[in-house]
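Colleague: Give the three-dimensional model of this entry:
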Amino acid sequence: GVMEKCTFCIQRIMFGRQEAQQNGKPFTGAGIVTACQEACPANAITFGNYLDSSQEIAKLREHPLGYYVLEELDTRPNITYLAKLRNI
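Modeller: Residues are numbered from 1 along each chain as shown. Predicted coordinates for the structure are as follows:
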């Protein structure tokens, strides 16, 4: 099988942006749901504009358990992971 890189469902984002423009509203990204987010029964995936402090993603991005791949390089990628706490 072929593995494709995630596009963060750019087609859904572009559709939402176009819809906002047609309605004369600013596009914030709120309400956009990615395919993986839609398919995940555990709600383990959150998507949104982390620059908008009213969105849940902005809070999760600053969560104390949040970390990034190659964090030591200070690249601040678009994906934030939350560590799972285990009571050992």
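
Colleague: So for the residue nearest to the spatial centre of the chain, what's the nearest residue that isn't a sequence neighbour?
Modeller: Computing the C-alpha centroid of the chain and ranking residues by CA atoms, centre = their mean puts residue 47 first, at 2.6 Å. In space, and not counting its chain neighbours, residue 47 is closest to residue 34: 4.8 Å by CB to CB, 6 or more residues apart in numbering. C-beta: built from backbone N, CA, C; applies to glycine.

Colleague: I'd say the one you found and residue 9 touch.
Modeller: Yes: taking contacts as CB atoms under 8 Å, residue 34 lies within contact range of residue 9: 4.3 Å.

Colleague: Quick check: neighbours shared by these two?
Modeller: Contact criterion CB atoms under 8 Å, 6 or more residues apart in numbering; residues shared by residue 34 and residue 9: residue 47.

Colleague: residue boundaries of the helices in this protein?
Modeller: 10-22, 35-39, 56-61 (DSSP state H).

Colleague: among those helices, which is nearest residue 2?
Modeller: With CB to CB as the criterion, residue 2 lies closest to helix 35-39 of the helices of the chain, at 16.6 Å.

Colleague: Please save the CA atoms from that closest one in CSV.
Modeller: Provided in CSV are the C-alpha atoms of helix 35-39 (Å, rounded to 0.1, in the frame of the first residue of the first chain):
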residue,chain,number,x,y,z
ALA,A,35,-11.3,12.8,8.5
CYS,A,36,-9.2,11.2,11.3
GLN,A,37,-10.9,13.2,14.0
GLU,A,38,-14.3,12.3,12.5
ALA,A,39,-13.4,8.6,12.5
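
Colleague: which residues touch it?
Modeller: 6, 9, 12, 45-47.

Colleague: Mind giving me the PyMOL command for buried ones among the residues you listed?
Modeller: Here is the PyMOL command that selects the buried residues among the contacts of helix 35-39 (16 or more other CB atoms under 10 Å):
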select buried, resi 9+12+46+47
